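Visitor: Could you look at this predicted model? Sequence included:
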Amino acid sequence: MQKRLRIPEELRVSGMTPLTTIDFPDHLACVLYTQGCPLRCRYCHNPQLIPFGDQPGSISWPEIEEFLHRRQGLLEAVVFSGGEPTLQPALAAAMAAVRELGFKVGLHTAGVSPERLAQLLPLVDWVGLDVKAPYQRYPQVTGRNHQAQQNRNSLELLLDSGIPFECRTTVDWRLFPPDELHDLACQLADLGVEHYAVQINQARNCLDPALEQMVTLPTEQLANLRDRLDELFPVFVWRE
């Protein structure tokens, strides 16, 4: 039986940022937030994107395409985020449609499926890969087993692809301590990662309500940690 080809109209999109300067480096972009994620990260600030299927307020592909037609010559890129966009069966078709309109394609992923990522990479110009935690902390942070290895396999794909990418880790100090973050950063640098970002949990709308009270480290300890991380990468970003 011939496999049915997917079409962009089947992409499940539940939100959009019309203009951003931070989600695709050095480009004006919009972000499409796809519906559905297999992870249960405790600090997740978009828990409404976790269930798969259509949700109230979903945006249809014709609406997205109309918006992109109006933004030709103004926007430079379209970023597919989530949720976890690589699990969307119609993502490749949507990426191809975006490219036909003259936009570059960005992808935010947690690397949950290296097989799906490998299929999508020929359509992608830049990737933001979430490295959720140190290897041993993955179940505690994501609520899922075996995802640490899937993420590592996805990282190896990116390293071999030649496509520009950023690794990023969202940090809540209640989930793992600064020394473990530094150890993770050292491992990534040793693998060949050149662009790394640390994002501090802003404690808003978290999937786990226990993380909705902001915690921080002493100023001197934070400054020391930032300096140590900055030494490891050609490009290092600290986002608060």
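Guide: Sure thing, it's come through.
Visitor: When you work out contacts or count neighbours from here on, use the C-alpha atoms and nothing else.
Guide: Fine.
Visitor: Provide a complete list of residue ranges assigned to strands in the protein.
Guide: Taking DSSP state E as the criterion, the chain contains strands spanning 13-20, 29-34, 77-81, 104-109, 126-130, 165-171, 195-200, 235-239.
Visitor: Any chance of these in CSV with mean neighbour count, mean pLDDT and distance to residue 142 as columns?
Guide: Below are these laid out as CSV (neighbours: other C-alpha atoms under 10 Å; pLDDT from 0 to 100; distance: least, C-alpha to C-alpha, whole Å):
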stretch, mean neighbour count, mean pLDDT, distance to residue 142
strand 13-20, 18, 96, 22
strand 29-34, 24, 98, 19
strand 77-81, 26, 98, 17
strand 104-109, 24, 98, 14
strand 126-130, 22, 98, 12
strand 165-171, 21, 98, 12
strand 195-200, 20, 97, 16
strand 235-239, 14, 96, 21
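Visitor: Output those in CSV, with distance to residue 62 appended to each entry.
Guide: Listed next are the strands of the chain as CSV, based on distance: least, C-alpha to C-alpha, whole Å:
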stretch, distance to residue 62
strand 13-20, 11
strand 29-34, 13
strand 77-81, 15
strand 104-109, 18
strand 126-130, 25
strand 165-171, 29
strand 195-200, 34
strand 235-239, 34
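Visitor: Give me the residue ranges of this structure where confidence is low.
Guide: For the chain, the stretches with pLDDT under 70 are 1-5.
Visitor: just the helices in it please.
Guide: Per DSSP state H, the chain carries helices over the ranges 61-71, 91-100, 114-120, 138-142, 147-161, 178-191, 219-230.
Visitor: Which residues does the first one contact?
Guide: Read it as helix 61-71. 8-11, 101 (C-alpha atoms under 8 Å, 6 or more residues apart in numbering).
Visitor: of those residues, buried ones?
Guide: 8-9, 11 (16 or more other C-alpha atoms under 10 Å).
Visitor: Take the helices of the chain and write them to a markdown table, including mean neighbour count and distance to residue 22.
Guide: Formatted as a markdown table, the helices of the chain follow (neighbours: other C-alpha atoms under 10 Å; distance: least, C-alpha to C-alpha, whole Å):
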| stretch | mean neighbour count | distance to residue 22 |
| --- | --- | --- |
| helix 61-71 | 14 | 18 |
| helix 91-100 | 19 | 19 |
| helix 114-120 | 16 | 22 |
| helix 138-142 | 19 | 25 |
| helix 147-161 | 18 | 20 |
| helix 178-191 | 16 | 22 |
| helix 219-230 | 13 | 19 |
